[in-house]
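S.K.: Got a predicted structure plus its sequence, pasted below:
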Amino acid sequence: MEEIKDISLKIDFLLESHDYYSIKELIKEMEPADLSVIFEEFPQRIATLYRLLPKDLAAETFVEMESELQEKLLVQLTDSEMKEVMAELYIDDTVDIIEEMPANVVKRMLSSSDPETRKIINDILKYPADSAGSLMTTEYVCLDEDITVEDALKRIRRTGVDKETIYTCYVTKPDRTLLGYITAKKLLLSDDDLVISNIMETSIIFVNTHEDKEIVAKEMSKYDLLALPVVDNENRLVGIITVDDAIDVIEEEATEDIEKMAAIIPSDKPYLSTSPFEIWRNRIPWLILLMLTSTFTSQIITSFESKLASCVVLTAFIPMIMGSGGNAGGQTSVTIIRGLAIEEINLKDIFKILFKELRVSVLCGTALALATFAKMMLIDNLLLQNKAVTINIAIVVSFTLIVTIVVAKLVGCLLPLIAKRLGLDPAVMASPFITTIVDALSLLIYLGIATALIPGLN
């Protein structure tokens with residue numbers, strides 16, 4: 001990161017000196033991802049810097065840029081320059097960029113494309129945003145089943161330069177029905193006169209154009225695929241999804257789950273590119289909901305107000321009990337949500353999960369109860385001479401902790417599973433939501449146990 005900052009400072013100095021040749025020499029061997037970061041420092045001069053890049057590097061750098069920076073660059077480019085940019089982009093990257101651009105920029109981009117490319121782009125844009133069809137590219141190597149290895153290699157050399165990947169080649173019938181695949185490695189190691197149909201792999205994993213892109217990413221991760229073919233309802237090959245796109249989906253889904261688990265409405269914009277108003281809009285609904293549900297806690301305390309007044313020391317341990325319950329429930333819910341997300345667990349495992357969490361909660365609750373009892377008697381009672389903390393109070397607090405932890409962990413594992421069963425995203429049943437529920441339950445448990453065990457409260 002320090003190196004990028006140093007290069008940014010050098011570029012700034014060279015721009016002031018109009019030494020464009022030195023800038024070109026400085027950036028021509030850099031990685032596209034690093035260049036996109038550097039270009040963010042020069043939004044007003046971005047077109048100048050972009051024109052200094054070699055054609056291939058320019059296209060790769062453009063793809064790495066954030067959408068706002070891409071828009072600023074496209075506005076500064078001439079129509080002929082935009083046409084060159086469009087010609088170097090892969091179809092799936094072009095579609096992704098078009099989806100983020102305002103209408104006036106989209107119009108220029110489409111007008112800069114040739115009719116065939118424009119038709120392909122429009123076809124892909126018709127697919128639902130979360131589908132495999134919207135994620136695929138049509139730039140893949142396609143082979144006939146009856147050609148030889150020698151002819152297949154010739155075709156790859158002739159057409160592969162414009163393909164997103166040439167490692168996996170797909171074998172189809174003339175009507176594009178998918179028959180199998182063969183890797184470039186196998187082609188290179190096979191005899192030239194062998195026929196493709198005799199050496200191709202026919203056991204092939206594929207997805208439909210309307211398959212959810214999250215499922216697509218999971219399939220690619222599960223089977224360690226570099227590319228995944230996409231077929232229509234007639235089993236005709238219409239495109240492929242490459243591993244870089246799958247990684248982007250996994251990252252997006254993970255970010256979305258984290259935001260939901262933090263009680264934030266997911267956003268597809270980077271944090272620094274999001275306005276304070278948009279951040280407020282994403283956070284305030286959940287904050288209001290959680291605030292309103294927290295009123296149940298205050299109502300419970302109010303209903304036991306007279307009993308708490310007669311034994312004020314009980315009030316001092318309310319935050320600890322509520323906090324411990326919320327933390328325990330949050331631990332469990334995150335574990336279950338993660339397990340559901342990576343399909344490590346499913347709904348049929350509910351009784352196994354409950355039994356395991358019951359045992360874990362008893363162990364955790366007992367450990368916390370023993371630690372709390374020792375702390376109350378040794379520190380509060382003996383060291384601090386707080387005579388209000390009697391052995392009876394310590395027993396109530398310790399026993400409450402055991403019951404609270406058990407309830408919290410069972411709630412923490414049940415709610416995500418129930419959400420999954422109802423077709424909801426389990427991530428919404430994460431720490432903030434569960435903590436609010438557990439807070440109310442832990443208060444009821446605490447005050448109920450205190451009423452039963454402390455003379456004068458019942």
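M.R.: That came through, no problem. Numbers count the residues shown, from 1 in each chain.
S.K.: Tell me where the model's unsure across the chain.
M.R.: Low-confidence segments of the chain, defined by pLDDT under 70: 1-2, 260-273, 428-431, 456-458.
S.K.: which helices and strands sit right next to whichever strand or helix holds Met291?
M.R.: Here Met291 sits within helix 276-303, counting by DSSP states H and E. Counting contacts by 3 or more C-beta pairs under 8 Å, 6 or more residues apart in numbering; DSSP states H and E, helix 276-303 packs against helix 431-453. All C-beta atoms are positioned from the backbone trio N, CA, C, and that covers glycine.
S.K.: For the stretch 151-300 of the chain, just list every one of the strands.
M.R.: Secondary structure of the stretch 151-300 of the chain by DSSP state E, counting those that start in this stretch: the strands cover 168-172, 178-183, 207-208, 227-231, 237-242.
S.K.: looking at those, which is closest to Ser221?
M.R.: Within the strands of the stretch 151-300 of the chain, the stretch nearest Ser221 is strand 227-231; the backing value is 10.6 Å (C-beta to C-beta).
S.K.: burial measure for Asp12, as a count.
M.R.: Applying other C-beta atoms under 10 Å, we find 13 residues neighbouring Asp12.
S.K.: Quick one: the helices in the stretch 51-200 of the chain, in order.
M.R.: Applying DSSP state H, counting those that start in this stretch to the stretch 51-200 of the chain gives helices spanning 55-64, 67-76, 79-88, 91-100, 103-111, 115-125, 132-135, 149-159, 184-189, 196-199.
S.K.: Looking at those helices, which is nearest to Lys10?
M.R.: The closest of these to Lys10 is helix 55-64. By C-beta to C-beta, the value is 17.6 Å.
S.K.: quick one: contacts of the closest one?
M.R.: Contact partners of helix 55-64, identified using C-beta atoms under 8 Å, 6 or more residues apart in numbering, comprise 28, 30, 32-33, 35-36, 39, 50, 53, 70, 73, 84-85, 88-89, 93, 97.
S.K.: one more time with 7 Å, if that's ok
M.R.: 28, 32-33, 35-36, 50, 53, 70, 85, 88-89, 93 (C-beta atoms under 7 Å, 6 or more residues apart in numbering).
S.K.: Identify each buried residue in it, please.
M.R.: 57-64 (16 or more other C-beta atoms under 10 Å).
S.K.: got a winner among the contacts of helix 55-64 for most neighbours?
M.R.: Leu35 (24 neighbours).
S.K.: which one's the longest helix in the protein?
M.R.: Counting residues, the longest helix found in the chain (DSSP state H) is helix 391-421.
S.K.: on contacts alone, who are the packing partners of it?
M.R.: For helix 391-421, the packing partners by 3 or more C-beta pairs under 7 Å, 6 or more residues apart in numbering; DSSP states H and E come out as helix 318-341, helix 350-375, helix 431-453.
S.K.: if I look at Ser134, how far off is Asp151?
M.R.: 34 Å (C-beta to C-beta, to the nearest Å).
S.K.: Of these two, which one has the most company?
M.R.: It is Ser134, of Ser134 and Asp151, that has more neighbours when counted by other C-beta under 10 Å, with 19 against 15.
S.K.: if I pick the more buried one, what's in contact with it?
M.R.: 124, 127-128.
S.K.: count of residues packed around Asp380?
M.R.: 19.
S.K.: so the closest residue in space to it that isn't next to it in sequence is in which element?
M.R.: Of all residues not flanking Asp380 in the chain, Val389 sits nearest, at 4.2 Å (C-beta to C-beta, 6 or more residues apart in numbering). Assessed by DSSP H and E, Val389 sits outside every helix and strand.
S.K.: Was I right to think Val389 contacts Ile379?
M.R.: No - if you go by C-beta atoms under 7 Å, Val389 and Ile379 don't touch, sitting 9.1 Å apart.
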